[in-house]
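1. everything below, folded, please.
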Amino acid sequence: MSTFLTKAVMDFFVAFGIVVGGAMVGGLGAIVSMQPPTHTMLDIAGRIKIWALAAAVGGTIDPMRVIESNFFDGNLSPAIKQILYLLFAFMGAHMGAELVRWMCGGNRG
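-> A predicted model of the protein is given here:
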């Protein structure tokens, strides 16, 4: 269980860091190019969430392949673990985007 929890926490924070870091550096780029940084940061945070999720779980389609092969072979434990890894990564990416939204003081939508 220790390795599962360790990987889940790492996936969470990798996705969180990608979103927050990408938005922050994008905000710096907006300042350099004379664009409004808060609007740019909010836009980047919303668009980069799916890429943060993919990068956190390995960056390829392999997690989906693990779910498919194990699920259809009747091995539910590895498939459930992989789904939980995806869920943790999604939560990290979403919380990163929410933090950027909070820092920028704006609601998107």
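
2. flag every buried residue along the worst-scoring helix or strand of the chain on mean pLDDT.
-> The weakest-scoring helix or strand in the chain, judged by mean pLDDT, DSSP states H and E, is helix 62-72 (a mean of 72). Using 16 or more other C-beta atoms under 10 Å as the test for burial, helix 62-72 gives 63, 66, 67, 70. (Each C-beta comes from the backbone N, C-alpha and C, glycine too.)

3. for this structure, longest helix please?
-> The residue-count maximum for a helix in the chain (DSSP state H) belongs to helix 2-32.

4. tell me the helix or strand right after it.
-> Proceeding N to C from helix 2-32, the next assigned helix or strand is helix 37-56, under DSSP states H and E.

5. with just CA atoms, put that following helix into CSV.
-> Taking Å, rounded to 0.1, in the frame of the first residue of the first chain, the C-alpha atoms of helix 37-56 are listed here in CSV:
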residue,chain,number,x,y,z
PRO,A,37,-1.1,38.5,-17.1
THR,A,38,-4.2,37.5,-15.0
HIS,A,39,-6.2,36.7,-18.1
THR,A,40,-3.3,34.8,-19.7
MET,A,41,-2.7,32.9,-16.5
LEU,A,42,-6.4,31.9,-16.2
ASP,A,43,-6.5,30.8,-19.9
ILE,A,44,-3.3,28.8,-19.6
ALA,A,45,-4.4,27.1,-16.4
GLY,A,46,-7.6,26.0,-18.0
ARG,A,47,-6.0,24.7,-21.2
ILE,A,48,-3.0,22.9,-19.6
LYS,A,49,-5.1,20.8,-17.1
ILE,A,50,-5.4,17.8,-19.5
TRP,A,51,-1.7,17.9,-20.4
ALA,A,52,-0.8,18.0,-16.7
LEU,A,53,-3.0,14.9,-16.2
ALA,A,54,-1.3,13.1,-19.0
ALA,A,55,2.2,14.0,-17.9
ALA,A,56,1.6,13.0,-14.3
